[in-house]
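A.B. asks: pasting a predicted model and its sequence here:
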Amino acid sequence: MNHNLTWDKEHIWHPYSSLKSPNSTFYIQSANGVNLQLDNGLKLIDGMSSWWAAIHGYNHPVLNQALIEQSKNMSHVMFGGLTHQPAIDLSKKLIELTDPSLDFVFFSDSGSVAVEVALKMALQYWIAQGIHGKNKFISFNRGYHGDTFAAMSVCDPVTGMHQLFSGFLHQNYFAQAPTCFSKDLNKYKTIDLSSVEKLLMNNNDIAAIIIEPIVQGAGGMRIYCPEYLAALNNLAEKYQVLLIFDEIATGFGRTGTLFAYEQANIAPDILCLGKALTGGYLSLAATLCNQKVVDGIHYDNQGVLMHGPTFMANPLACSIANASIDLLLSTPWQEKILKIEHQLKQQLAECIDFQHVSDVRVKGAIAVIELDQNVDTNALCEDFVEQGVWIRPFAKLIYLMPPFIIEPEQLSQLTQAIKFVLTKYY
């Protein structure tokens, strides 16, 4: 028995877990490529990209070198009153890669905080113009935006895992989840934004709409059509509210385009990025906005955005992010994503015939098996480890978001493991 695991179980809280009845944990000694090395010598193929961040896999020499070189110069310096080249370079990259309207960057230290900053931007946009009553947001059922307090307030109250705090959270509005979701992704259902427009028509206290473009993440792993986003953008313009896109999970190629919103040929007023920004090496996030937002915040000549994380624009994280973006763009990443998507569709299609499977959906390097009942995460994780893969289901979902560097035979091991577990339990 690994004594470190025993100590861990007795003293360390893991995500969404109890210390009284802790979930199983597996001791990782090292990671390389798409493999996680356990202490017992077993290697696991990672199907999660460490919660969707490690798009280049692990221990990548290019990213390692970026970390080493920057550490020789400076690991951290406060961003208040100071600046540095890694942050300037990263800002230029993000502005160049995103829509031409997104010209301004605010760095923070996690995706959840990037959402907090976006919500603050929207509130200050109206406050600076003397309109204090616009202090609520429209979000969506099945949406998820993070675990900090303002972010929790725009997560689905049920699937967002935050029911416990409902009495403490700012009360926002929730529209129906995007309705062009369909089992056959080539045949979308009629787009219905009636619940969104009803909220906009009947409430004059709405500051902004916030949504995850194309793929709703941890709230349900739902995939919907780009046309929905285009129609939503039209509504935001019609009713003169700001539009916030949360691309923490979908940014940097995951859905087949560099950013998911590109598939709708529109752009938000505010854009949140994180996770894959540093290739999974260090926590870093960014909130970008357009000139309209900046001008609004500066309307009263104050123009002070009230946020300032200690590790904002950390030089190590920015240097690795620069290297990660350059690495991504130097590879045929779109071709890789298309191949992953094709293989996932081909190999998981038969799962729809399993007794308790209600849906199978694939978008880019994302695959989701939705069941008609909640899974036993502990039991399934242990079975997946026995199959030599790391897949961590939640709620009714078994899903894959592998590193982009995964080889076809490695991806096949992941899909075969899913079919094995479905056969065993369902």
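C.D. replies: That came through fine. Numbering: from 1, shown residues only.
A.B. asks: contacts and neighbour counts: CA atoms only from here.
C.D. replies: Will do.
A.B. asks: kindly confirm my reading that Ile398 is in a strand.
C.D. replies: Yes - assessed by DSSP: H, G, I helix; E, B strand; the rest coil, Ile398 belongs to a strand.
A.B. asks: helices of the stretch 51-200 of the chain, residue ranges please.
C.D. replies: Using DSSP state H, counting those that start in this stretch, the helices of the stretch 51-200 of the chain run over residues 61-73, 85-97, 111-127, 149-153, 194-202.
A.B. asks: out of those, deepest packed?
C.D. replies: helix 111-127 (a mean of 25; mean count of other CA atoms under 10 Å).
A.B. asks: where's Glu341, which helix or strand?
C.D. replies: helix 333-348 (DSSP states H and E).
A.B. asks: hmm, I typed the wrong one, I wanted Glu370.
C.D. replies: strand 366-371.
A.B. asks: Ser412 too?
C.D. replies: Using DSSP H and E, Ser412 maps to helix 408-425.
A.B. asks: dihedrals phi and psi, Pro403?
C.D. replies: phi -60, psi 150 (degrees, to the nearest 10).
A.B. asks: give me the most central residue, this structure.
C.D. replies: Nearest to the mean C-alpha position of the chain, by CA atoms, centre = their mean, lies Ala249 at 1.8 Å.
A.B. asks: that one touches Gly274, doesn't it?
C.D. replies: Yes - using CA atoms under 8 Å, Ala249 is in contact with Gly274, at 7.3 Å.
A.B. asks: doesn't Leu67 make contact with Leu316?
C.D. replies: Yes - with contact defined as CA under 8 Å, Leu316 counts as touching Leu67 (6.1 Å).
A.B. asks: picking up where we left off before, list the buried ones in the helix holding Glu341?
C.D. replies: By neighbour count with 16 or more other CA atoms under 10 Å, helix 333-348 contains the buried residues Trp333, Gln334, Lys336, Ile337, Leu338, Lys339, Ile340, Glu341, Gln343, Leu344, Lys345, Leu348.
A.B. asks: so what's the fifth one up against?
C.D. replies: The contact partners of Leu338, taken as CA atoms under 8 Å, 6 or more residues apart in numbering, are Gly256, Gly364, Ala365.
A.B. asks: pLDDT and neighbour count added to those, as JSON lines?
C.D. replies: Putting the contacts of Leu338 into JSON lines (pLDDT from 0 to 100; neighbours: other CA atoms under 10 Å) gives the following:
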{"residue": "Gly256", "pLDDT": "98", "neighbour count": "24"}
{"residue": "Gly364", "pLDDT": "98", "neighbour count": "22"}
{"residue": "Ala365", "pLDDT": "98", "neighbour count": "25"}
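A.B. asks: about what we covered before: skip ahead from the strand holding Glu370 and say which helix or strand is next.
C.D. replies: helix 377-386.
A.B. asks: pLDDT on that following helix, on average?
C.D. replies: Averaged over helix 377-386, pLDDT sits at 95.
A.B. asks: low-confidence regions, the stretch 1-150 of the chain specifically.
C.D. replies: Judged by pLDDT under 70, the stretch 1-150 of the chain has its weakly predicted residues at 1.
A.B. asks: ok so, going back, quick check: the farthest pair among the buried residues of helix 333-348?
C.D. replies: Distance extremes for the buried residues of helix 333-348: the farthest pair is Trp333 and Leu348 at 22.1 Å, using CA to CA.
A.B. asks: which intervals of the stretch 151-300 of the chain have sub-threshold pLDDT?
C.D. replies: By pLDDT under 70, the weakly predicted segments of the stretch 151-300 of the chain are 160-161, 181-189.
A.B. asks: how about the strands in it?
C.D. replies: 173-175, 206-211, 215-216, 222-223, 242-246, 270-273, 285-290 (DSSP state E, counting those that start in this stretch).
A.B. asks: closest one to Gly80 among these?
C.D. replies: Smallest distance to Gly80 across the strands of the stretch 151-300 of the chain (CA to CA): 16.3 Å, for strand 285-290.
A.B. asks: for the closest one, packing partners?
C.D. replies: Applying 3 or more CA pairs under 8 Å, 6 or more residues apart in numbering; DSSP states H and E, we find strand 285-290 packed against strand 102-108, helix 111-127, strand 270-273.
A.B. asks: got the buried residues for the helix holding Ser412?
C.D. replies: Buried residues in helix 408-425, defined by neighbour count with 16+ other CA under 10 Å: Gln410, Leu411, Ser412, Gln413, Leu414, Thr415, Gln416, Ala417, Ile418, Lys419, Val421, Leu422.
A.B. asks: any idea of the mean pLDDT in that helix?
C.D. replies: The pLDDT scores in helix 408-425 average 96.
A.B. asks: can I get it in CSV, CA atoms only?
C.D. replies: Provided in CSV are the C-alpha atoms of helix 408-425 (Å, rounded to 0.1, in the frame of the first residue of the first chain):
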residue,chain,number,x,y,z
PRO,A,408,-5.0,6.5,-33.5
GLU,A,409,-4.1,3.3,-31.7
GLN,A,410,-4.1,5.2,-28.3
LEU,A,411,-7.5,6.7,-29.1
SER,A,412,-8.8,3.3,-30.0
GLN,A,413,-7.8,2.1,-26.5
LEU,A,414,-9.9,4.8,-25.0
THR,A,415,-12.9,4.0,-27.1
GLN,A,416,-12.5,0.3,-26.5
ALA,A,417,-12.4,0.9,-22.8
ILE,A,418,-15.6,2.8,-22.9
LYS,A,419,-17.3,0.0,-24.8
PHE,A,420,-15.9,-2.5,-22.3
VAL,A,421,-17.4,-0.6,-19.4
LEU,A,422,-20.7,-0.1,-21.1
THR,A,423,-20.9,-3.8,-21.7
LYS,A,424,-20.1,-4.6,-18.1
TYR,A,425,-22.5,-2.2,-16.5
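A.B. asks: let me know the angle separating that helix from strand 366-371.
C.D. replies: 10 degrees (axes from the mean of the first three to the mean of the last three CA atoms, to 10 degrees).
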